[in-house]
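Undergrad: What follows is a predicted protein model with its sequence.
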Amino acid sequence: MNPMPQLIVGVRFVEIGKSYHFDASALPHIKEGDHVIVETSRGKQLGEVTQIVKNPVSTPEGWKTVERIATPRDLVLRRMWAKQELEAMIACRERASQLRLGGIKIVAAEFSFDGARLTLMFSSESEEKAELKSLRHDMQKQHPKSQVEMRQIGPRDMAKILGGMGACGMENRCCSKFLTEFSPISIKMAKEQGISLTPQEITGMCGRLRCCLVYEYEQYSEARKELPKRNKRVVTPLGEGKVVEVNPLQMTIRVEIQDLGWREFDRDQIEPWDELEALRRKAEAPCENCSKKQ
């Protein structure tokens, strides 16, 4: 008997969100765009199939399976619970204010597709662990048919959920418009691209380094490998000079030449002064074999 062919699918639970992989081998006719019911760490969820992974190299043990294709009733049920999420969030915010939970901001509420679980997402201004037992207990009383959980999220996740204008002036922030997951970002990326390190230039609305710093970082890094660094001596068609500015994307170098000032050259028009100087000295050095013959 031939084993059932392996079929892995990517499932997304929010419109602009990360896709998670599930085993759909029991549903060979599944296709992209289908809505499915899966079991997750936050209960049963309804998601959309965004990817079919054909002939996967390997399947790690423990991958959860797709339970079934969602029915029209499932879609209506999910929309019904989604309408109650705003009410749950407002009620939670009001109760948090009554309990005087300073520094705590209730960002969003999320019901599982069948309402069996209610997750209240919050952010905290303090680095210490927030004490929210009373708040969770009160919300559980208001929603006795759902299991209430409090989940802390970071500044970037909060900005993604809230949306709004970006620090650059874009109508919608990158995180809420098309970024499905966040990449690690460092101050080195800004330095590599020659961006001013003032906070307003490199900080997003979330208070963290802007996600866009990673967009062109690799291109800048690769280009800089082929270009001389600032203050290096180079030889140009107009003579020897010092590099004062580098433009990696255009692959050009601005050189300060004595008596001529600043001039711009393409990468192919210059040679490192160190290499030419080494060749010149080698050419002028006495030949050892010639000395022996004499």
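TA: Received the coordinates, thanks.

Undergrad: C175 reaches L162, doesn't it?
TA: No - C175 lies out of contact with L162 (CB atoms under 8 Å); the separation is 9.8 Å. To be clear about C-beta, it is placed using only N, CA and C from the backbone, and glycine gets the same treatment.

Undergrad: Could I get the full set of strands for the stretch 101-250 of the chain?
TA: Counting by DSSP state E, counting those that start in this stretch, one finds strands in the stretch 101-250 of the chain at the ranges 104-111, 117-124, 147-152, 233-236, 239-247.

Undergrad: Out of the ones you listed, which is closest to R210?
TA: Nearest of the strands of the stretch 101-250 of the chain to R210, taken as CB to CB: strand 117-124 at 18.8 Å.

Undergrad: now for that closest one, which elements pack on it?
TA: In this structure, strand 117-124 makes packing contacts with helix 72-98, strand 104-111, helix 133-142, strand 147-152, helix 155-162, judged by 3 or more CB pairs under 8 Å, 6 or more residues apart in numbering; DSSP states H and E.

Undergrad: Okay, now the sheet partners of that strand, with direction.
TA: Paired neighbours of strand 117-124 in the sheet (DSSP bridges): strand 104-111 (antiparallel), strand 147-152 (parallel).

Undergrad: Can you tell me which of the ones you listed is most buried?
TA: strand 104-111 (a mean of 20; mean count of other CB atoms under 10 Å).

Undergrad: Report the inter-axis angle for it versus helix 133-142.
TA: Angle, strand 104-111 to helix 133-142, by axes from the mean of the first three to the mean of the last three CA atoms, to 10 degrees: 30 degrees.

Undergrad: Could you list the alpha-carbon positions for strand 104-111 in CSV?
TA: In CSV, the C-alpha atoms belonging to strand 104-111 read as follows (Å, rounded to 0.1, in the frame of the first residue of the first chain):
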residue,chain,number,x,y,z
ILE,A,104,-1.0,49.3,30.8
LYS,A,105,-2.7,49.8,27.4
ILE,A,106,-5.3,47.3,26.1
VAL,A,107,-4.5,47.1,22.4
ALA,A,108,-6.9,44.6,21.0
ALA,A,109,-9.2,41.7,21.7
GLU,A,110,-9.4,38.5,19.7
PHE,A,111,-11.9,35.6,19.9
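
Undergrad: That one - what's its average pLDDT?
TA: Mean pLDDT, computed over strand 104-111, is 94.
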